[in-house]
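Participant: Mind looking at a prediction? Sequence and model below.
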Amino acid sequence: MVAVDVKNLVKHFGSTEAIKGISFTVNKGEIFGLIGPNGAGKTTALRIVSTLLQITSGSVSILGFDVKKKPDEIRKLISYLPEDAGAYKNLTGRAYLRFIANFFEKRSTQEMVSLGVEIADLGERIDDKVDTYSKGMKRRLLVGRALMTDPKLAILDEPTSGLDVINAQEIRKIIKNTAKNGTAVLLSSHNMLEVEYMCDRIALIAEGKIVEEGNPKTLMDKYNANNIEEVFMRVVT
Amino acid sequence: MSALGNIIKKEIKELLTPATILPIVVIALIFGSIGSSMEGFQEELHEKPVLGFINEDNSILSTIVTSILDNESEVVFNSSDIEDKQYGLEQIKQQDGMALIVITQNFSKDILNDTRGGLEVYWIMKGAGIFDTISSGVVEGLISSINREISKALIEDNTTVNASIALWPTSRIDTTYFKDREIGLSPGAITGMLSSQSMLIPIVIMMIIIMAGSMVISSMALEKENKTLETLLTLPVKRTSIVTGKIAASAFIGLIFAVIYMFGMSRYFQGFQMSEGLNLADFDLALTSSDFILIGISLFITLIAALALCMLLGTMAKNYKSAQTLTFPVTMLAMIPMFITMFTDFDTLPFALKIFLFAIPFSHPMMAPKALIFNDYLLVISGIIYVSIFALVMILIVVWVFKTDRLLTGSTRKKWGQFFKKRF
């Protein structure tokens, strides 16, 4: 079942064309990666899918709902983790999770918070103020926040950005498990090796256009490359 | 370039931005215009006051009074019959005059019999601002001259008048006509009694607006800086709920400020109303409970308007630092009416300035106490209606901004372009 259906998506910021007619789909239970350099249009695409930005032309459908017409319905089904996102510094980790859980009606707040606490895995520090957390702890809390609501679609912008190897590895495992449970995951990353490890399918994006799309292994075979980084360099140059 | 020079150059470039220069230029301009206004008032002090008099006595000493008035002021009405008082007041009012002085019957006789000679001063007061009563000070000076000259005449004639009478030979009864009211006090005394409203209320209101406004702008800026806003906007919550929630929470805190302020103010007024043996209530110049309620409503609505405006400004903030600059327009909009209402009266302002002051939503709670003392309910209620409309429009604009890309990208050019293209 298709969870995300993007068709000929175009996004202008004034005279700048950030996205130039991209199309892709993400299926239920699939991890789909948007890969590309800075300024390629990855974050813009994720923000549009997350209902944060408006479409210039084209269409985006999330689980059958059009982002232009039904953004409120879509927000009940998705979870978005922005790159370098923060949490409210004066709240404790647990209070922050409770604050977010209170917006969702489908499950009990306590259930969601318990799941968030489990995913964040911060031990006793969950009851400390967010202000006292390290970058890794904050990111784990935010991943917990993003996945505790059991979203139908998780949109993760650079989910392991700035994390050390151990923290990054744990978060990757959590994301993979989430997808196994049926959640569609749309993520962006600079880290080609991470993408190769995590994603079922990827789209290489450069200057607002998708230049290649497919299964990482198939793409590596197609371009006779040892890793996705090499694929990317061959496609772009 | 040396390392020191390199650092100095970088620091100057960072510190000397339009955002840092503009507030200084505007503040300099405000103080410059205050200075120009003061020059105008200085000129007013040197102008001859426009007066009228009725001399019921027609004796040697009363002639001293009339000759001083003739020489030192511009007399537009004079008579010897008290029956002409009302007509005289109308004449003086038409000539934009200030007072009618009545030299009572037996003026000279009373002084020579060790009783102070009676002068009745009927003031025509135009405004209750501090600057509005500067010209009445000139008349007060004239009355002092009258006393001095009569004293001199008594001493030169070696009269046997009691020394204290000789040193201050007149007694005075003041009646002030102001906003369709007859008050048994001089304009100076009225202004002095109202000084608490004139000075303190605008300052406190300005502080509440700036404090609550800064909170909202900073809150928006921090949401952006910490990227919590992006998360919030993707949650299943309506934009209107986010805007209303933020404004309502800040308004609640603002309301606490307002309640503390109202409590402090009412205690403060009570203290002043009984000061110097004068009770404002005796002159029908005290605020009633319903007046306090109207002031509270005016203040609360203004607070909502200020918060909605600040929220709009907050949407433009990129980070906490830029938020500090964005509080500047709000500070200016609070400071301008504060200065105007502190020193002048709405009624005595030129028409253009009246419109300007009325248009600034923060002016209304500053003007409300004085207006209510003189039963100017029209100004207060129309102010509340205007500020409510202003607040509603601001909230609608903020909600619209929350629905556009502007909140995250800082640009609506394309959207405006599309908006006009569709409609025209």
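Facilitator: Structure received.
Participant: wait, what's in contact with the residue positioned nearest the centre of chain A?
Facilitator: Nearest to the geometric centre of chain A sits A:Leu156, at 1.6 Å (Cα atoms, centre = their mean). By Cβ atoms under 8 Å, 6 or more residues apart in numbering or on different chains, the contact list for A:Leu156 reads A:80-81, A:143, A:146, A:175, A:185-188. Bear in mind the C-beta positions are built from the backbone N, C-alpha and C, glycine included.
Participant: one more time with 6 Å, if that's ok
Facilitator: Contact analysis of A:Leu156 by Cβ atoms under 6 Å, 6 or more residues apart in numbering or on different chains lists A:81, A:187.
Participant: Please report how far it lies from chain B.
Facilitator: 12 Å (Cβ to the nearest Cβ, to the nearest Å).
Participant: Give the helix, strand or coil label for that residue.
Facilitator: strand (DSSP: H, G, I helix; E, B strand; the rest coil).
Participant: Which helix or which strand is home to A:Gln54?
Facilitator: According to DSSP states H and E, A:Gln54 maps onto no helix or strand at all.
Participant: Same question for the helix or strand encompassing B:Ala306: list its buried residues.
Facilitator: Following DSSP H and E, one finds B:Ala306 within helix B:289-316. Neighbour counts over helix B:289-316 (16 or more other Cβ atoms under 10 Å in any protein chain shown) mark B:291-292, B:294-316 as buried.
Participant: mind listing what the closest residue to chain B within chain A touches?
Facilitator: Relative to chain B, the nearest point of chain A is A:Gly86 (3.5 Å; Cβ to the nearest Cβ). A:Gly86 makes contact with B:226-228, according to Cβ under 6 Å, 6+ apart.
Participant: same thing but at 10 Å, please
Facilitator: For A:Gly86, the contacting residues are A:130, A:138, A:142, B:222-223, B:225-231, by Cβ atoms under 10 Å, 6 or more residues apart in numbering or on different chains.
Participant: Most neighbours out of these, which is it?
Facilitator: Counting neighbours by other Cβ atoms under 10 Å in any protein chain shown, A:Leu142 comes out on top of the contacts of A:Gly86 with 26 neighbours.
Participant: Helix or strand: which one has the nearest residue to that residue once chain neighbours are set aside?
Facilitator: Excluding the flanking residues, the one nearest A:Leu142 by Cβ to Cβ, 6 or more residues apart in numbering or on different chains is A:Ala85, at 5.4 Å. Secondary structure assignment for A:Ala85, by DSSP H and E: no helix or strand.
Participant: Thought B:Lys224 was touching A:Ala85, still the case?
Facilitator: No: A:Ala85 is beyond contact range of B:Lys224, at 11.7 Å (criterion: Cβ atoms under 10 Å).
Participant: what do the two both touch?
Facilitator: Contact criterion Cβ under 10 Å, 6+ apart; residues bridging A:Ala85 and B:Lys224 by contacting each: B:Glu230.
Participant: if we can go back for a sec, for the residue nearest to the residue of chain A closest to chain B when sequence neighbours are not counted, give me the pLDDT.
Facilitator: Counting by Cβ to Cβ, 6+ apart, the nearest residue to A:Gly86 once its immediate chain neighbours are dropped is B:Asn226, at 3.5 Å. Per-residue confidence at B:Asn226 stands at 82 (pLDDT).
Participant: and if you look at B:Ile190?
Facilitator: Looking at B:Ile190, its pLDDT reads 82.
Participant: And B:Gln86, by the same measure?
Facilitator: With respect to pLDDT, B:Gln86 scores 90.
Participant: now do the same end-to-end measure for stretch A:120-134.
Facilitator: Terminal residues of stretch A:120-134 are spaced 13 Å apart (Cα to Cα, to the nearest Å).
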